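Undergrad: Quick one: sequence plus predicted model below, questions after.
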Amino acid sequence: MAHPIVVKGAFCMPHVTTSFANNDKAFYSCKFQNSTLQFSGKAWALQCPGEPRLKSKSKVWMSVQQVTTKSKVSVTPLNLEDAKDPPLNLYRPKEPYTATIVSVESLVGPKAPGETCQIVIDHGGNLPYWEGQSYGVIPPGENPKKPGTPNTVRLYSIASTRYGDSFDGKTATLCVRRAVYYDPVTGKEDRSKNGICSNYLCDRKPGDKVKITGPSGKVMLLPEDDPNATHIMIATGTGIAPFRGYLRRMFMEDVPSFKFGGLAWLFLGVANTDSLLYNDEFTEYANQYPKNFRYDTALSREHKNKRGGKMYVQDKIEEYSDEIFELLDKGAHIYFCGLKGMMPGIQDTLKRVAEERGESWDERFSQLKKNKQWHVEVY
């Protein structure tokens, strides 16, 4: 709704309002009783280019930038903050919990090389977890490698906070890439070799039942003893899952016992723009909290590194290596999540950068692990 504003003897009503990607602007038509305006305690003379100084009751067009700040979302139940230790293995493979699918939707655009889905699961508050933990999913059917036995558990990092995307502590969100196998000779899909659990999950419908185990994992838990700490997060593809949970807790949710005032720096590596996951959420955080959140992407099929090759997350790390090493020296936590294949390139890059700085990467790496600053979850 538009509201009138008064500016130093002028009565203004919105004339035209236009929405932009990051900000809103409203244009006001004003008739001024004098030739000065007052902004932030400073007087400004009104004058148009190529025109004489404005006279009394002259008409002037002005653009007023409206800055909106989103309120954080209230969450419940707050007793989820009371536990001193994370919940672990509340349900095991022999007696899994039967949860209900709330929704399944694609997260990527048409030019993404493969489908990634967001699966929201209702656990009714019976399978609590902390940010950075994983759920196990047991797909129906027999294990093709061991006929007569059920399928094994597949682990998936949880992509929501303990309150879930509904903010009521009753759901969990998974981020799943559909694993499809194409024959290298014929180029055709071979369904017999497709990923069993990823396709099972991506094919679910609201109301379907799914067997869940867990939660599990302590390596990727978000340290909250220092709310002003620095967290550097490096993800490839669906490895974004735990970091989405961190960032929603830091910037979206109103948690009375956790007020983040530090720096969160996210590096996300995917193939192209259509493959970016949760990009709108992260972009909004960057706009709302520019002093507390940095967001960098590496699009391997669109960006080039400084040597003219494809841009991967390790190239972005190298680009900002001086800042990253300085932050690590000051106690920053660094996290890695994604495919196993990401780590050799990252480790090689960090080692090369350390040597160029005249440092021993082996010694630094050992110290980071000793200080519990180094967190890795790959699959």
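TA: Perfect, thanks for sending it.

Undergrad: Report the contact partners of the residue nearest to residue 74 when sequence neighbours are not counted.
TA: Of all residues not flanking residue 74 in the chain, residue 254 sits nearest, at 5.3 Å (Cβ to Cβ, 6 or more residues apart in numbering). Every residue, glycine included, has its C-beta placed from N, CA and C. Residues counted as contacts of residue 254 (Cβ atoms under 8 Å, 6 or more residues apart in numbering) are 71-75.

Undergrad: Check the burial of the residue lying closest to residue 128 once chain neighbours are set aside by counting its neighbours.
TA: Nearest residue to residue 128 in three dimensions, chain neighbours excluded: residue 87, at 5.2 Å (Cβ to Cβ, 6+ apart). Residue 87 sits with 16 neighbouring residues when counted by other Cβ atoms under 10 Å.

Undergrad: Residue 87: what's it in contact with?
TA: By Cβ under 8 Å, 6+ apart, the contact set of residue 87 is 128-130, 133, 215.

Undergrad: Now do stretch 283-297: everything it contacts.
TA: 22, 69-70, 247, 250-252, 260-270, 276, 282, 303, 316, 320.

Undergrad: what about dumping the CA coordinates of it to CSV?
TA: In CSV, the C-alpha atoms belonging to stretch 283-297 read as follows (Å, rounded to 0.1, in the frame of the first residue of the first chain):
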residue,chain,number,x,y,z
THR,A,283,21.1,-14.2,-3.0
GLU,A,284,18.5,-12.8,-0.6
TYR,A,285,20.7,-13.4,2.4
ALA,A,286,23.6,-11.6,0.6
ASN,A,287,21.3,-8.6,0.0
GLN,A,288,19.9,-8.6,3.5
TYR,A,289,23.1,-9.3,5.4
PRO,A,290,26.0,-8.0,3.3
LYS,A,291,28.4,-7.8,6.3
ASN,A,292,27.6,-11.4,7.5
PHE,A,293,27.2,-13.4,4.3
ARG,A,294,29.3,-13.8,1.1
TYR,A,295,28.2,-16.0,-1.8
ASP,A,296,30.5,-17.1,-4.7
THR,A,297,29.6,-19.6,-7.4
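
Undergrad: before we move on, back to that, the contacts of stretch 283-297, buried ones only, as a ChimeraX selection?
TA: Of these, the buried ones can be selected in ChimeraX as follows, counting by 16 or more other Cβ atoms under 10 Å:
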select :247,250,251,252,260,263,264,265,266,267,268,269,270,276,282,316
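
Undergrad: Report pLDDT for the residue lying closest to residue 257 once chain neighbours are set aside.
TA: Distance criterion Cβ to Cβ, 6+ apart; nearest residue to residue 257, sequence neighbours excluded, is residue 81 at 4.9 Å. pLDDT recorded at residue 81 is 97.

Undergrad: could you measure residue 81 against residue 131, distance?
TA: Separation of residue 81 from residue 131 (Cβ to Cβ, to the nearest Å): 12 Å.

Undergrad: neighbour count winner among the two?
TA: residue 131 (24 against 13).

Undergrad: The more buried one - nearest residue in space that isn't next to it in sequence?
TA: Among residues not flanking residue 131 along the chain, residue 245 sits closest, at 4.0 Å (Cβ to Cβ, 6+ apart).

Undergrad: For residue 344, state which of the contacts of residue 87 is nearest.
TA: residue 133 (26.0 Å; Cβ to Cβ).

Undergrad: show me what contacts that closest one?
TA: So residue 133 contacts 86-87, 157-158, 214-218, 220-221 (Cβ under 8 Å, 6+ apart).

Undergrad: now do 7 Å
TA: The neighbours of residue 133, taking Cβ atoms under 7 Å, 6 or more residues apart in numbering as the test, are 86, 158, 215-217.

Undergrad: For those, which single residue is the most surrounded?
TA: residue 158 (27 neighbours).

Undergrad: Am I right that that residue is in contact with residue 128?
TA: No - using Cβ atoms under 7 Å, residue 158 is not in contact with residue 128; the gap is 10.9 Å.

Undergrad: sorry, back to before: so of the contacts of residue 133, which ones are in strands?
TA: Taking DSSP state E as the definition of strands, the contacts of residue 133 contribute 215-216.

Undergrad: would you list the contacts of residue 133 in JSON lines and tack on distance to residue 311 and pLDDT?
TA: Output for those, formatted as JSON lines (distance: Cβ to Cβ, whole Å; pLDDT from 0 to 100):
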{"residue": "86", "distance to residue 311": "35", "pLDDT": "98"}
{"residue": "158", "distance to residue 311": "28", "pLDDT": "98"}
{"residue": "215", "distance to residue 311": "34", "pLDDT": "98"}
{"residue": "216", "distance to residue 311": "33", "pLDDT": "98"}
{"residue": "217", "distance to residue 311": "30", "pLDDT": "97"}
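
Undergrad: thinking again about what came up before, for the residue nearest to residue 74, helix, strand, or coil?
TA: What DSSP: H, G, I helix; E, B strand; the rest coil gives for residue 254 is strand.
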